[in-house]
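Colleague: sequence and predicted structure are below.
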Amino acid sequence: MIFDPVPKESRKDFFNREEEIERIKSLSSPITLVLGFRRTGKSSVIRIALNELNFPYIYIDLRKFEEKGYASYKDLILELQKEINRLVKRFPSITGFIKRIEGVKILGNEIRLRWGGDKRVSISSLLESLNDWAEDRVILTIDEAQELLNLRGANLLSTFAYSFDNLRKVKIILSGSKMGLLYRYLGKDNPKSPLYGRAMNEIELYPFNREKSEEFLRLGFSELKINFDKFDIVYENLGGIPGWLTYFGYYYYQKRDLSEALSKTINTAIGLIREEFNNFLKTRAIAKDRYVTVMKTVINCASWSEIKRALEAREGMEISDSEIYNYLNQLIDSSWIVKKDDKKYCPSEPLIAKAFS
Ligand SMILES: Nc1ncnc2c1ncn2[C@@H]1O[C@H](COP(=O)(O)OP(=O)(O)OP(=O)(O)O)[C@@H](O)[C@H]1O
Ligand SMILES: [Mg+2]
């Protein structure tokens, strides 16, 4: 069902995005980036592409470490271990390649990876052995990869660069809803980064415009044989983020009541947005109130000096320009706000504005 509010696995439940899925499937660079605001369908397009490509793959979702604020090397290795064991069930021949690596132990049909001590497993050598094993391609996918910025005890950038330059069969797919953070992490344009200058296959999922939102709802409702024509009201209230439109369709399907479905969608969205914003604030506790003030000030868009004035008025003292730039850049990097052509700062989508009003 198109309005099923979970990441989709196949195109039959998925609307549009054909071009984006094909571009992911092209694997035209050793590293593919799938970017887009929250709930634009990144995880879905990646899963659909992986299912259609039918190459062996590892899929790790770092979302769960967002709340904790960091992931340790152990966390990452345990996730990899789970995925490698899943692969080995399907392709037992991997074991022969992987068992020679330091930090790998075979216990019957199970593979154990050592995450601590001086003999811990290295992710580069795991990728190397997968590269040796693979006939054609093997894919490493890391969803919400900007969380790697908070990885403790290791740095994957040189692993990625090594794989990019040497492991022909390994393809890496990274997704990020905090696009600025992901770019900053990868440092493609930073001469000091191991990935400097590498051309990546980049795909960005934009929210639907008014027409596409209507088409999406039309398709979902026709699948359910429901008559619906209040497309404009929905778009004006929710905007074009596919995930929110999916919730709307799902709630409308349950009760067939427009205003109830709208308010349930808004409440769900606001709940999720606030929870995510609290995660954002966790690592920025000292400036917490200032970030909230900025968000409240930009609800209907605001200029730099309006934001500065609002911050200073709240505290009754001067706040330096560099501090203000820093708050705005961090909010932009994590996709909470965007800077428009007229130099005004705005919430990156309408429901973020609602979450702060
Ligand atoms: N084009 C689409 N057709 C049908 N459903 C979609 C489409 N795009 C997104 N969805 C739905 O929207 C929701 C969010 O999609 P998904 O989880 O794939 O996005 P995401 O960008 O990974 O989100 P998040 O930022 O939360 O990780 C899911 O319920 C998904 O089924
Ligand atoms: Mg996702």
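Modeller: Nice, I can see it. Predicted model only: the values in this text are computed from it and were never measured. Ligands and ions are numbered 1, 2, ... in the order given.
Colleague: contact partners of the longest helix that the chain contains?
Modeller: In the chain, ranked by residue count with DSSP state H as the criterion, the top helix is helix 258-282. Contacts to helix 258-282, defined as Cβ atoms under 8 Å, 6 or more residues apart in numbering, come from residues 38, 66-67, 69, 230, 233-234, 237-238, 244, 247-248, 251-252, 254-255, 288, 291-292, 295, 334, 336, 351-352, 354-355. From N, CA and C alone the C-beta is placed, and that goes for glycine too.
Colleague: from those residues, which are also near ligand 1?
Modeller: By Cβ under 6 Å from any ligand atom, the members of the contacts of helix 258-282 lying near ligand 1 are R38.
Colleague: among the contacts of helix 258-282, which ones are buried?
Modeller: Among the contacts of helix 258-282, those buried by neighbour count (16 or more other Cβ atoms under 10 Å) are 38, 66, 234, 237-238, 244, 247-248, 251-252, 291, 295, 334, 336, 351-352, 354-355.
Colleague: I'd assumed L35 was in a strand, is it?
Modeller: Yes - under DSSP: H, G, I helix; E, B strand; the rest coil, L35 sits within a strand.
Colleague: and it, what does it touch?
Modeller: Neighbour list for L35: 42, 175-177, 179, 182, 202-205 [criterion: Cβ under 8 Å, 6+ apart].
Colleague: same thing but at 7 Å, please
Modeller: 176, 179, 182, 202, 204 (Cβ atoms under 7 Å, 6 or more residues apart in numbering).
Colleague: helix, strand or coil for F208?
Modeller: Here F208 is coil, with the state taken from three-state DSSP.
Colleague: and it, how far from ligand 1?
Modeller: 8 Å (Cβ to the nearest ligand atom, to the nearest Å).
Colleague: please apply the same query to S357.
Modeller: S357 sits 22 Å away from ligand 1, going by Cβ to the nearest ligand atom.
Colleague: which residues touch the residue in the stretch 51-200 of the chain positioned nearest to ligand 1?
Modeller: The stretch 51-200 of the chain approaches ligand 1 most closely through S177 (4.2 Å), counting by Cβ to the nearest ligand atom. Counting by Cβ under 7 Å, 6+ apart, S177 makes contact with 36-38, 42, 144, 335.
Colleague: just to revisit the earlier point, list the buried residues for the longest helix of the chain?
Modeller: 258, 261-262, 264-266, 268-270, 272-273, 276-277, 280.
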